[in-house]
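[1] need the 3D shape of this:
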Amino acid sequence: MPLLRQRRFPRARRSVGAAREFAMETLLEWGCHDRQEDIRLCVSELATNAVLHGVPPGREFLLTLTGDGTSIRIEVRDSGGGVPVVKAGGLDECGGRGLLLVQALADDFGVTPSNPGKTVWTVFKTDPSAAHPAGREER
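    As a prediction, this is how the structure comes out:
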């Protein structure tokens, strides 16, 4: 049975750090020590994008982590419009390269439209010998 954890976060800058902390606590609880830094960075980027571009005022975004012992899937769902675009901007630009980093670090990446909003997701393949999941589903 896959492992599952979800938490909602408000449209606030502090939610980015809280989302990172939630993801790291989840991985530790599951005994997943593989790819933690890549996952931390990608959760940070996706949460930042949700707060800055995806979550309408007064709304929240949903962070979901699922794991099966061989991979970790991260999903950030918001109810805002628009579809995120991976920019291959030059080195002079100050921003807009977060999804480029996510695409480079993750083993798979995509956007699934929903009504309303969308889910931006990533998948990280993990070493089964480095993971010792608790084997239960949560929340």
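[2] run through the chain and note the low-pLDDT ranges.
    In the predicted model of the chain, residues 1, 89-96, 130-139 satisfy pLDDT under 70.
[3] pretty sure residue 69 is in contact with residue 125, am I right?
    No: here residue 69 does not reach residue 125: they are 10.9 Å apart, not a contact under CB atoms under 8 Å. (Glycine included, C-beta is placed from N, CA and C.)
[4] these two - which one has more neighbours?
    residue 69 (18 against 13; other CB atoms under 10 Å).
[5] doesn't that one lie inside a strand?
    No: using DSSP: H, G, I helix; E, B strand; the rest coil, the secondary structure at residue 69 is coil, not a strand.
[6] tell me where this structure has helices.
    Using DSSP state H, the helices of the chain run over 14-30, 36-49, 98-105.
[7] which of those helices is buried the deepest?
    helix 36-49 (a mean of 20; mean count of other CB atoms under 10 Å).
[8] what lies in contact with that one?
    Under the contact criterion CB atoms under 8 Å, 6 or more residues apart in numbering, helix 36-49 has outside partners 9, 15-16, 19-20, 23-24, 27, 61, 63, 72, 74, 76, 84, 98-99, 101-102, 105-106, 120, 122, 124.
[9] distance of the nearest residue to residue 62 once chain neighbours are set aside from residue 45?
    Nearest non-adjacent residue to residue 62, counting by CB to CB, 6 or more residues apart in numbering: residue 77, 4.5 Å away. Distance of residue 77 to residue 45, computed by CB to CB, to the nearest Å: 15 Å.
[10] please apply the same query to residue 3.
    23 Å.
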